[in-house]
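Peer 1: sequence isn't available, so here's the structure alone:
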Ligand code: 13P
C-alpha cells in the first residue's frame, strides 16, 4: 500500500474549498428520478444526462472529484470521447460507487445492511486500472421505534471498515458513508444520539481493520430532525449540534469530512455548510466539505427534462449549485447568491 499516494489524493479531494459531486445513482434510483419528471428511463437518457454533468464548463473550478456508477465509468460522450478522458481534461478526479446496495438485514425488520464485499478486491483492482482514484460505500441507518439496533449499527460499521481497508490496499481512497436517514418523525436530539453512536462504531471498526485514517474521507449526514418532525431546527442549531458531534467522534487524523445532502434543498445544504465553516473553521482539525448528489443536481435535472435544447441552462444551474457550495466552504455563501 502506497500510503503517501492515498494521503495525497484524500487531501486533494478537499483542497481549495472544492468538494465532490455524487453522480453515482444506481440505475433504479436514476430511473426513479427520471420517471418523476417524465424523462425516459433508458440507457441513452442516463448516458446523455451524465454527459451533460461532466461537460459542464468550468466544473473543475468547484468540483474536485465526481463519484461515478459502474455503468457510467465505462461510457463515452456522444462523439465517442470516454467520460474518464473528459474528467481528466477538466482536472476532476474520478471515483466509483462500489457497494451493491442496502438490503434487508435478516431478523431486523425495517433495517438494512449494505452488500458488496464478495469479490470486491478484484473489482477495485479493475477500477484502479481504469483510472478511478477513490471509491464510495454507503451504509443506511433508519431511525424509528426501537431502531436502529446495536446489531445493525455494528454490522454496517464493520462492512464499511472492511471495504475501506480493501480500497486502500488497491490504491483507492475510501469515502466512508454512514448515512442516518432523514425519514421519520424523530427529533434533532434523537438524530444527534444516533449519529454519534454510529460514528463512534464506525471509527472503532476502521481502527480495528487497520484503515489509514489519513487516507480516507468521511461522508456523514448533517444532524437534522426527521422530515416529519413537527419541530424543525434553525441553521444555528443544526450547525452547532452537527459540528459538536463530529468533534467528539471523528479523529483529527482524518483529512476531510464531506457531507451528503440526504434530501435537503440545495439552498439549505449550502446555508448549513456555510454556517459551520463560519462558526467553527478556525478550530476544526479536518476540512468540512460537501459530497452532494441531489443538492447539486436536482435543479439541473428539473431544467433538462431529457431535452437537448435545455442542456446549456441545466449546466448553468448545476454550476451555480457547485459554486454556492464552493463559497459555503469559505464561509462566503449568502442568500443573495441565489438571486443573481
Ligand atoms: P445526496 O446528496 O442526494 O444525499 O446523495 C449523496 C450520496 O452520494 C448518497 O450516497
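Peer 2: Yep, that arrived. Computed from a predicted structure; not experimentally measured.

Peer 1: wait, residue 56 touches residue 319, no?
Peer 2: Yes: here residue 56 lies in contact with residue 319, judged by Cβ atoms under 8 Å, at a distance of 5.4 Å. Where you see a C-beta, it was placed from the backbone N, CA and C, and this is true even at glycine.

Peer 1: comparing those two, which shows the higher neighbour count?
Peer 2: A count of neighbours by other Cβ atoms under 10 Å puts residue 56 above the other of residue 56 and residue 319, at 23 against 19.

Peer 1: distance check, the more buried one against residue 90.
Peer 2: Residue 56 is 9 Å from residue 90, where distance means Cβ to Cβ, to the nearest Å.

Peer 1: shaky segments in the stretch 201-340 of the chain?
Peer 2: 340 (pLDDT under 70).

Peer 1: where do the strands sit along it?
Peer 2: 217-218, 256-259, 287-292 (DSSP state E, counting those that start in this stretch).

Peer 1: reformat these as TSV; add mean neighbour count.
Peer 2: Converted to TSV, the strands of the stretch 201-340 of the chain look like this (neighbours: other Cβ atoms under 10 Å):
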stretch	mean neighbour count
strand 217-218	27
strand 256-259	24
strand 287-292	26
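
Peer 1: so which of those strands is nearest the ligand?
Peer 2: Ranking the strands of the stretch 201-340 of the chain by proximity to the ligand (Cβ to the nearest ligand atom) places strand 287-292 first, at 4.2 Å.

Peer 1: could you list every helix and strand that that closest one packs against?
Peer 2: With contacts defined as 3 or more Cβ pairs under 8 Å, 6 or more residues apart in numbering; DSSP states H and E, strand 287-292 has these neighbours: strand 19-22, strand 256-259, helix 266-280, helix 311-329.

Peer 1: which of these is buried the deepest?
Peer 2: Most buried of the helices and strands packed on strand 287-292, by mean neighbour count (mean count of other Cβ atoms under 10 Å): strand 19-22, with a mean of 29.

Peer 1: name the residues of the stretch 51-200 of the chain found near the ligand, please.
Peer 2: Applying Cβ under 6 Å from any ligand atom, one finds that the stretch 51-200 of the chain approaches the ligand through 138, 177.

Peer 1: hmm, 5 Å instead?
Peer 2: When proximity is defined as Cβ under 5 Å from any ligand atom, the stretch 51-200 of the chain approaches the ligand at residue 138.

Peer 1: quick check: the residue of the stretch 51-200 of the chain nearest the ligand.
Peer 2: Residue nearest to the ligand within the stretch 51-200 of the chain: residue 138 (4.1 Å; Cβ to the nearest ligand atom).

Peer 1: would you agree that residue is in contact with residue 112?
Peer 2: No: with contact defined as Cβ under 8 Å, residue 138 does not count as touching residue 112 (10.1 Å).
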